[in-house]
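Colleague: please find the sequence and the predicted model below.
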Amino acid sequence: MRNWIISVILLFFSLIIRGQIVYHDASIFPLLGKATQSTTERYARLPDSLKSISRKPLWELGQNSAGLAVRFRSNSTTIAAKWEVALDRNLNHMTATAVKGLDLYCLENGKWIFVNSGRPSGKKNTAVIISHMKPQEREYMLYLSLYDGVISLAIGVDSLSYILQPAVNLPIQKKPVVCYGTSILQGGCASRPGMAHTNILSRWFNREFINLGFSGNGKLDYEVAEVIANVDASLYVLDFVPNATVKEIEEKADHFYSIIRKRRPDSPILFVEDPIFVHTRFDQVIDKEVKDKNKTLHVFFESLKKRGEKNIWLLSSKKMLGDDGEATVDGIHFTDLGFMRYAKLLYPIIKKRMK
């Protein structure tokens, strides 16, 4: 009887202890999705050397954490997070979870499965992402905020469990795919971080993707081309047309391309047309703008082919969003449906050309 009472008491206290969450600084775990390590803030995307060089809006967007993900493993029954964001941004066409929240995935049989999201409450956040799991070891990937900058992050596990470095090297970080572009590429307007198309493709390929999307500022800035060229990538995807004007494409695209090509003479480079936005069927100005910019991109691309450039391709956007008009939030920015369609369009192209 006495032993039974002692066992019950020990079980009771064990459950209390297990119910306590212990937080671990995420900076000790691998971070995927960075083009450079030369950043003071760990979860920023552009090197500090560009702070006095880049246009202010470009630099500020480079502090957003789009495409970054932390890898770890744990046998915890609960996964929680504490994180602080730089700006506490709110957008009227995008969920708070996508803007400044987190997204947790688990590796099962070589595939990444969605677990749950860390929903933000403001600038400083604490959230239990998942609980009541069996106490078995799992591999995790935690995606960071798309449209705000994470400035601190801690991962919480229950006090009787462990949290360790990943034991599986997935997604593979050697020779990542580097994507450059605009607000759409940055992830606008996915419902949560994991649904940005670069993150979708990263899971499908189990390969690191680097997201260099800058909302409204994919304008062929040469210093960004230098950042891109410094990454030994399997493929470079250049998706700048939604932001670049006809004049900017005519005047800057060749030099931007040449910066990358000079450093990476044999690497595959994929150019992507401007999406045929849903409201182009009604808005004549936008319709003309899209057609003019895509025509200018084709003229530029043909000039590269004529001078003998190799390993370059141009992707038509005709089938990017489907034909039902249901894949955007506002006629321009993609919903999860839009991102899934875009990812499916890109998948065979990337698979065929990725080195």
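Modeller: It's in.

Colleague: which non-adjacent residue is nearest the residue nearest to the spatial centre of the chain?
Modeller: The centroid of the chain falls nearest to residue 67 when counting by Cα atoms, centre = their mean (2.1 Å). Distances taken as Cβ to Cβ, 6 or more residues apart in numbering put residue 211 closest to residue 67, at 2.7 Å, once the chain neighbours are dropped. All C-beta spots, glycine's among them, are computed from the backbone N, C-alpha and C.

Colleague: residue boundaries of the helices in this structure?
Modeller: Using DSSP state H, the helices of the chain run over 2-18, 56-61, 96-100, 183-186, 197-205, 222-229, 246-263, 284-306, 336-353.

Colleague: sorry, back to before: tell me who's in contact with the residue nearest to residue 67.
Modeller: Contacts for residue 211 (Cβ atoms under 8 Å, 6 or more residues apart in numbering) come out as 33, 45, 66-68, 179, 185-187, 196, 198-199.

Colleague: where in the protein is pLDDT low?
Modeller: Across the chain, residues meeting the criterion (pLDDT under 70) sit at 1-19.

Colleague: how is it divided into domains?
Modeller: Following automatic domain parsing, one gets these domains for the chain: 20-164, 172-353.

Colleague: can you give me the end-to-end distance of the last one?
Modeller: Which is domain 172-353. End-to-end span of domain 172-353 (Cα to Cα, to the nearest Å): 17 Å.

Colleague: relative to residue 161, how far out is residue 133?
Modeller: Distance, residue 133 to residue 161, using Cβ to Cβ, to the nearest Å: 10 Å.

Colleague: what is in contact with these two at once?
Modeller: Residues touching both residue 133 and residue 161 (Cβ under 8 Å, 6+ apart): 76-77.

Colleague: with adjacent residues omitted, what lies nearest to residue 141?
Modeller: Nearest non-adjacent residue to residue 141 (Cβ to Cβ, 6+ apart): residue 105, at 4.7 Å.

Colleague: give me the buried positions along stretch 237-256.
Modeller: Within stretch 237-256, the residues scored as buried using 16 or more other Cβ atoms under 10 Å are 237-245, 248-249, 252-253, 256.
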